[in-house]
Structures are given as structure tokens and as C-alpha cells.
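Trainee: Next one to model:
(2 chains)
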Amino acid sequence: MKFLLVDDSRTMRNIWKKVVSSIAGTEVFEAGDGLEGLKQITENGPFDVMLVDWNMPNMDGLTMVTKVRETDKKSIIIMCTTEAEKPRIIEAIKAGVNNYVVKPFTPDTLLTKIDDTLKKAGVGQPA
Amino acid sequence: MTTETVQINPTIIKAFVHSTKNVLSTMANTQCTIGKPYLKEKNTSHYDVSGIVGFTGEIIGSVVISFTSEMAIKLVEQFTGENYTADSDYFADAVGELSNMIAGNAKSEFGLTAGISIPSVIIGTNHSVARMSDVPCVVIPCETPYGKMAVEVNVKCVG
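Mentor: Got it, this is the predicted structure:
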């Protein structure tokens, strides 16, 4: 299962990487903003799951998600952000995210969120 | 600044208290004790490491999360599982992300439409951060097992 982690904080990407690496058979790619994220998709995509931050320089996560959904309806996208207000969450869902997790969150919360989203999408994790 | 011009929104201060405790507890497994907030008079930072996040929209201004170096190093270690020195890029990145989460988490309690900036981090003794002069800067002192930090709130509602 291929993951793309998009956050301008290397710290968060490292934490997420540890979390998703605990899922068997994962391949992990990273990007520091939405533009880099789109580039990763062009060069190494498609990805099964993308974890995307909202507030990033150059291109924010919402713009990236909107652009991804123009051509890719299949990849699972989970927005991981400090943006916790309801209108923001609705905006992200309208843009095409499958799920949403508000920072701060523990590694267990993220893992559960990924698992729930995969199940909801009918995607099983590899053994 | 006269007493008449000082307007402090308690909802905003409470939001920063909640978010600071929540972020430190969730991301760094660290409990903090909040002291009595007070008004800050100088622009000089409290401690050597400052994470700065700006606000836009119906609330404008900034919050500075100021840590002692020793405290920040230990907090970052709790957060990342890595022992970075204060001159490491990873250290500044981690301080910025903690500051980002404290600001973003507080914002969700304001009940206002607002955005936050990408965090900036300043490291150095006696550095200064320029602030809006027409609103007070409220300092929320925090004590953790690793040392002291201060959340300096300098914002005003314009919505």
C-alpha cells in the first residue's frame, strides 16, 4: 500500500511515517507542500492513501486536494490539520477528502482513523 | 496604554490555556500548570526559544510561545522521540509545529472566522518580537516538569 505524507513540518511527517510504517507492506513517500505533493503524484503515484496538512506554504492542502480530485476519485485522502472549525471541515469534505483528523492527535488516533477510512472505502489492509 | 483601552477577551485567553494543555499532553505526554495571566510591558521575549504564529480574519495579531532552551529541548524530545540540539533544523521545525498546534487548536474555540500563518521560530537570548501596540499582550505563564514556558497573546477581534 502506497502512502503519500504531505506536511510542511518534517517533524509531523516523521511521526506519521512511524505510524504508517507499522502497517504491513507500506511504501511511504513525502512532500513538504501541496506543489511537492502533486509532483510526487506525477512521479510516483498513484497513491492508495494520502495524509495532507491544510496550512502549508506554496500550495495549501485544500488546493492540492481539489486538484487531485479533478482526475483521481479513487485515492483515499485524509486531511490532518489544526483547522477544527465545522465550516472548514465541510469545505474539506466538499473538496473530496475521505476523512479528517484534527491536530493534536496521538499515533493511535491516526492509525485508527486510517483503518476506519480504509474499511469504509472497502479497502483491506495487506496482512 | 490607558486602562480604558485595555480589552481582554477571556474566551480567547481560556482557549489558549486549553490548547496549550491539550497539545503538550497529547503530543509530548507533558502536563503543565497554568499560572495567573498578566500583562506584558516589554517586547523582549520571556525565554530563549520563541514560536510565533500570526492570526488573520476576524481576529488579528499573533501568539508567541516562549520556552527556555532546556525546556524546549526536553519537550521536543518528548514530542519527536529524538534528542535534537537547539541549533538543529529539526529542533526549530518541532518547536514551530507545537506552536502551530497551540495556535490552531485555540482558534477553533474563538467562535470567529480566522486563519493562522505558517509558524516562525526565533532562537537566541533576549530577542524581541514586535507587537501591535494598541492592544495588550497577555502572558499566560506555564510550568512543566521540564521547566517554564509562556504563551504571549497579542490579538484583537475585528469581526
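
Trainee: Run through the residues that contact residue B:25.
Mentor: For residue B:25, the contacting residues are B:31, B:32, by CB atoms under 8 Å, 6 or more residues apart in numbering or on different chains. Placement of C-beta: from N, CA and C, glycine included.

Trainee: Please apply the same query to residue A:41.
Mentor: Contacts for residue A:41 (CB under 8 Å, 6+ apart) come out as A:4, A:47, A:68, A:72.

Trainee: Show me where chain A dips below the pLDDT cut-off.
Mentor: Low-confidence segments of chain A, defined by pLDDT under 70, span residues A:124-127.

Trainee: Close to chain B: what parts of it are there?
Mentor: Applying CB under 8 Å from any CB of the partner chain, we find that chain A lies next to chain B at A:8-12, A:14-15, A:55-57, A:81-85, A:87, A:102-106.

Trainee: In ChimeraX, how would I select just the buried ones from these?
Mentor: One line in ChimeraX is enough to select the buried members of these, burial here meaning 16 or more other CB atoms under 10 Å in any protein chain shown:
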select /A:8,9,10,11,12,14,15,55,56,81,82,83,85,102,103,104,105
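
Trainee: And the helices in chain A?
Mentor: Ranges of helices in chain A, per DSSP state H, are A:10-21, A:34-44, A:61-71, A:86-95, A:107-120.

Trainee: For these, give me JSON lines that also has distance to residue B:149.
Mentor: Supplementary listing: the helices of chain A in JSON lines, determined by distance: least, CB to CB, whole Å:
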{"stretch": "helix A:10-21", "distance to residue B:149": "18"}
{"stretch": "helix A:34-44", "distance to residue B:149": "32"}
{"stretch": "helix A:61-71", "distance to residue B:149": "28"}
{"stretch": "helix A:86-95", "distance to residue B:149": "28"}
{"stretch": "helix A:107-120", "distance to residue B:149": "24"}
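
Trainee: Which among those is found nearest to residue B:70?
Mentor: Among those, the nearest to residue B:70 by CB to CB is helix A:10-21 (19.2 Å).

Trainee: what's that closest one packed up against?
Mentor: strand A:2-6, strand A:27-31, strand A:49-52, helix A:107-120, helix B:69-80, helix B:89-110 (3 or more CB pairs under 8 Å, 6 or more residues apart in numbering or on different chains; DSSP states H and E).

Trainee: So for the fourth one, what gets flagged as buried?
Mentor: Residues A:110, A:113, A:114, A:117, A:118 are the ones in helix A:107-120 that count as buried (16+ other CB under 10 Å).

Trainee: I'd like the distance from the longest strand seen in chain B to the chain centre, please.
Mentor: Counting by DSSP state E, the longest strand found in chain B is strand B:147-157. Between the centre of strand B:147-157 and the centre of its chain there are 5 Å (CA atoms, centre = their mean, to the nearest Å).

Trainee: So it, near chain A or not?
Mentor: No: with CB under 8 Å from any CB as the criterion, chain A is not reached by strand B:147-157; the gap is at least 15.2 Å.

Trainee: by how many degrees do that strand and helix B:89-110 diverge?
Mentor: With axes from the mean of the first three to the mean of the last three CA atoms, to 10 degrees applied, the angle from strand B:147-157 to helix B:89-110 works out at 50 degrees.

Trainee: How much space separates residue B:72 from residue B:52?
Mentor: The gap separating residue B:72 from residue B:52 is 14 Å, by CB to CB, to the nearest Å.

Trainee: before we move on, what about residue A:76?
Mentor: With distances taken as CB to CB, residue A:76 is found 34 Å from residue B:52.

Trainee: distance of the closest residue to chain B within chain A from residue B:92?
Mentor: Of the residues in chain A, the one nearest chain B is residue A:82, at a distance of 2.4 Å by CB to the nearest CB. Counting by CB to CB, the gap between residue A:82 and residue B:92 amounts to 18 Å.

Trainee: Using the three-state scheme, assign the most centrally placed residue in chain B.
Mentor: With distances taken as CA atoms, centre = their mean, chain B has residue B:65 as the residue nearest its mean C-alpha position (2.6 Å). Classification of residue B:65 by DSSP: H, G, I helix; E, B strand; the rest coil places it in strand.
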